[in-house]
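>>> Sequence first, predicted coordinates after that:
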Amino acid sequence: MRTRAPLLGEPLPVELMNTVWADRDGVHDALDEPAAVLAWLRAVAPGLDHVSLADLDALPPGDLDQLTRRLVRLRDALRRLAAEATGDPRSSAASATSDLQAAVTAVNEAAGALPRWSALVWTPGGPPTLQTRTSGQAAAAIVSAIAEEAVVLFGQDDRLRLRACQGPGCVLYFLKNHPRREWCSAACGNRARGARHYRRHRRPPA
């Protein structure tokens, strides 16, 4: 199973926000069942340096259900923070977490759920690398790691680069990484330009 969420190469907290996405049929949730959560995690696994695909595949059903609930709670909290940071006016993008303080609490609780530390990994003949270790199981570690990235994102100046995509019908967020970037993707930019062209050139009613 492949994830239905659009993957834009954004930081993991933003990719998690974008598991709520929209098309012509309306707004969708790419984390609406445990199998979909696993599909999304497999897709973003390269960004989870302390969790392997084997760890994910070995999760028992109870842990996977708990992981699904935790990720959705964190996702909704992050979308509330993103709306606050960007002044997002899109009603269709509104988070299920409506209260700002509840969103902050949810992110902080997730980030602090497990102790984490940096470990040096250096095998003979290879370069040294730094990896993150945790004291908990894979499911809890995933949520905690993404939440900690989110704390850094919103607590530092990167939040000033966060944007709510204004493409027609879009509910995604992105980090503005170029002065001329206006949309989450080229497809949204094309739709926005097409909509502007139509509004400019349509004939007034007779």
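Received it, and whenever you're ready, just let me know what you need.
>>> rest of the way, CA atoms for contacts and neighbours
Will do.
>>> tell me the secondary structure for Ala140?
helix (DSSP: H, G, I helix; E, B strand; the rest coil).
>>> what about it, how many residues close to it?
A count of nearby residues for Ala140, using other CA atoms under 10 Å, gives 20.
>>> now do Val121
By the criterion of other CA under 10 Å, Val121 has 11 neighbours.
>>> Against Ser118, how distant is the residue nearest to it when sequence neighbours are not counted?
Sequence neighbours aside, Thr129 is the residue nearest to Val121 in space, at 5.2 Å (criterion: CA to CA, 6 or more residues apart in numbering). Distance, Thr129 to Ser118, by CA to CA, to the nearest Å: 10 Å.
>>> would you say Gln131 is within a helix?
No: using three-state DSSP, the assignment for Gln131 is strand, not a helix.
>>> Check it and give its pLDDT.
Listed pLDDT for Gln131 reads 77.
>>> for the protein, what's the longest helix?
For the chain, the helix with the greatest residue count under DSSP state H is helix 61-86.
>>> for the helix or strand just after that helix, packing partners?
Per DSSP states H and E, helix 61-86 leads on to helix 100-111 as the next helix or strand towards the C-terminus. If you count contacts as 3 or more CA pairs under 8 Å, 6 or more residues apart in numbering; DSSP states H and E, helix 100-111 packs onto helix 61-86, helix 138-155.
>>> And stretch 132-140, end to end?
The straight-line separation of the ends of stretch 132-140 (CA to CA) is 14 Å.
>>> Ok, stretch 77-93 next?
Length of stretch 77-93, first residue to last, CA to CA: 13 Å.
>>> Flag the shaky bits of this protein, pLDDT-wise.
Residue ranges of the chain with pLDDT under 70: 50, 192, 194-206.
>>> And what about Ala35, helix, strand or coil?
Recorded secondary structure, Ala35: helix (three-state DSSP).
>>> The nearest residue to it once chain neighbours are set aside - how many residues pack around it?
Nearest non-adjacent residue to Ala35, counting by CA to CA, 6+ apart: Met1, 7.8 Å away. Residues lying near Met1 (other CA under 10 Å) number 9.
>>> One more: the one 10 residues further on?
Applying other CA under 10 Å, we find 16 residues neighbouring Pro11.
>>> same question, Leu74
Leu74 has 30 neighbouring residues, counting by other CA under 10 Å.
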